[in-house]
Each structure stands twice: as C-alpha cells, then as structure tokens.
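Trainee: I would like to see how this sequence folds:
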Amino acid sequence: MADPALEHAAVRTGVGLIDRRDHGILEVTGKDRAKFLHAMLSNDIASLTPGQGCAATLLDVHGKVQVLLRVLVLDDRILIVTPPDFATRTNEALDTYLFSEKAYFSDVTDDYALFVLAGPEAPALVERVAGAVPDARAWSHVAGALALAEGADSLPHASVGGLGGPSRAPHVPVRLARGSGETGEAEIWVVTARADGDAVAEALRAAGATPVGHAALEALRIEAGTPAFPEDVGPNVLLPEVPFTDLVSQTKGCYIGQEVIVRIRDRGHVNRLLRGVVLEGDRVPEAGAAIVAGDAEVGKVSSAAWSHALKRPIALALIRRQHADAGTAVGVRVGDAVVSASISDLPFATPIARSR
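Mentor: Got it, this is the predicted structure:
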C-alpha cells in the first residue's frame, strides 16, 4: 500500500520515480519550427541549440496563461511536453497562427513514455544505469541507453524521435533531460518509446528509485512553491501573478501577450500574487476554499496538501496584493470552520529548505 510519507522522504533524501505517461508530446519539424515557436511562446526558442531546452508559456493577447510547456530541441525536430490532456488543444491553438511558415506539428503522445527521477541521488542513479547525465542547466538533455532490469525481454527496442540509435536488450534508448526543480530537488526526465515504458519503469525501480504517487508529489510540489497548470496557473491567471522568471525571455522579440507583460513590468503591478498559505490544525482545504481577512475574501486556495516537512497543511493561493506579505494572518474556510493561517513566501521555509 502506498505511503506518501515514505515516498516524500525518498525524494527528499534519495531518489523517487514519478510516472508522467499522462503528459502529452508534440513533435515540430520543418525549417521554420524554431522561428515559429519563438514568435508564439514566451521564452527564447530561436537561440536554443540541439541538446538544449526551456520552459515556456503560450499566452493569450491579454497575457493570460493558456498552457505551460517544456521545450526540448533535437537535431531535426523540437519536442514540446504538455500537461495531461493538453496536447490536442495546444496543437490546435498553435495551428491557428500558422500561415506560410514551414512548421509541421504532430501529436506523438502515444509514441513516448515519460518518467521523472527526483531527489539528490537522481543524477548519480541515471549516470549509473544509462551511461550519461545532462548538465545542470534546466532542460538540457542528452541521449543514453538504459540498462534493463535482470530478466527483461531480449527483443530489439524501438528508437523514436531522435532519442538515440537502435538498441538491443539489455539496453533501451532514452533521452535524459534535466528538470527545473518542480519538487525542489534535482530532477532527471527520462523519455523513451511508449513500448518500452514498462521495462524502463521496472529498471529504474530495480536501480533504487521509489515510486511516488500523487499525494506525495503534491506535497513535494507545493512545498517547493511550484505552480501546476491548470490548478494554480491557468487561463484566468496573468503570467506576472505567478513566479515566471524561468518562463520568459525579457530580451527576445514579440510573442503573443508580450505587450501586457512588458506594460505590467514597466508601468504597474498586478493586483494579486501566488503565495503560500500555512494552516493550523490537520485539515487540508479543498481547491477553491476561500481565504479571508476579517470579513473580506482576499483569495482562494488553488491547490493544497499535507506537508510532511512542516507537519501541517499548506496551500498555494492567489492573494490580493495588500494581504500578500509573508506573515500576514488570514483565515481559510475549511468546511463550516475558518481555520487560522498565515501567508508564506515561496518556496515554503521547510526544515529541509533551511538546511540547504
């Protein structure tokens, strides 16, 4: 039976295995692929070379977040990783802007399997079992060959999307990408052919990675102050309302929604900000729970979890600017009660975070 506390500890002290096969993947080919994406997305795509990548957003013209993306540049294509159930929608949204550009999109979600190794021991484990590890820059990536667990089948294994050359068991071609710290720990994404997904997961478990379920992952993510799409940052959220430094290039040319982002940066501010909330007691609030100061509602919980580090409930919430300073006392409606709470900076000041 799953034990979220043990799974949480595995990521904080060793290495955990997160199954991301629910995520979508788009493949972009054609000579204008980088130029087109550069004009659409919030980050710098044009300057990326094979083996590099970035996180980015697709905004609307009002600067609101339509989707969060991870971009990996290969020799002859670009892979875009989308949140679950957003590959088709992202494809359709980008297609509306395609005119004469030579950029061709394919939904290749069913061709790939994604996993994340998270924890201080993740890079060492990957180098041991795959013979390679990406450098420390977020979303840099390299090809590798993952050694299968003993007893795995001996059939030839597929190679898709430039992951690497064909391989025979006991090795499987993989692409290894450095994550950006969603959990607050070192992360290596493992990209492989969908047909090899079960064998890869088995090999990573056999190498010492502890499977991590949704409850533990939410605790890790929220402790790290990482907003999830669409729970914490979505179509009703302005990008500057959430931590966005790693999602935007301030020096590139125009992209959808840029005018709003620049205007807010140079001439004004947003009226609410993503903040942490630390609750008293042991009741975890539901998404949408009201956050109050006196009789006034000053925000809503967007996601919440039990923090195994702080031993209490924590939440992410968009809070009115006037009440967003760390230490501000607020209340959170949990059922029929208003639970005492306080605003926190992000990431949360957990004992583990303070020790680093």
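Trainee: and for Phe86, the neighbour number?
Mentor: 21 (other C-beta atoms under 10 Å). To be clear about C-beta, it is placed using only N, CA and C from the backbone, and glycine gets the same treatment.
Trainee: my guess is it meets Val67, correct?
Mentor: Yes. Taking C-beta atoms under 8 Å as the definition, Phe86 is a contact partner of Val67 at 5.3 Å.
Trainee: list residues touching both of those two?
Mentor: Common contact partners of Phe86 and Val67 (C-beta atoms under 8 Å, 6 or more residues apart in numbering): Phe229.
Trainee: now do the contacts for the residue nearest to the spatial centre of the chain.
Mentor: Nearest to the geometric centre of the chain sits Glu182, at 5.6 Å (C-alpha atoms, centre = their mean). Contacts for Glu182 (C-beta under 8 Å, 6+ apart) come out as 116, 118, 220-221, 224, 226.
Trainee: and Phe348, how far is that from Gly335?
Mentor: 24 Å (C-beta to C-beta, to the nearest Å).
Trainee: same thing with Asp110?
Mentor: Asp110 is 42 Å from Gly335, by C-beta to C-beta.
Trainee: ok, the closest residue to Ile261 other than its chain neighbours - how many residues close by?
Mentor: Closest residue to Ile261 apart from its sequence neighbours, by C-beta to C-beta, 6 or more residues apart in numbering: Gly63 at 5.3 Å. Gly63: 23 surrounding residues under other C-beta under 10 Å.
Trainee: ramachandran coordinates for Gly63?
Mentor: Taking degrees, to the nearest 10, you get phi 80, psi 20 for the backbone angles of Gly63.
Trainee: report the contact partners of it.
Mentor: Gly63 touches 238-240, 257, 259-261, 264, counting by C-beta under 8 Å, 6+ apart.
Trainee: 7 Å - rerun?
Mentor: Taking C-beta atoms under 7 Å, 6 or more residues apart in numbering, we find Gly63 in contact with 238-239, 257, 260-261.
Trainee: with pLDDT, neighbour count and secondary structure added, can I get those in CSV?
Mentor: Below are these laid out as CSV (pLDDT from 0 to 100; neighbours: other C-beta atoms under 10 Å; DSSP: H, G, I helix; E, B strand; the rest coil):
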residue, pLDDT, neighbour count, secondary structure
Leu238, 97, 21, strand
Leu239, 97, 22, helix
Gly257, 96, 23, coil
Val260, 95, 18, helix
Ile261, 95, 20, helix
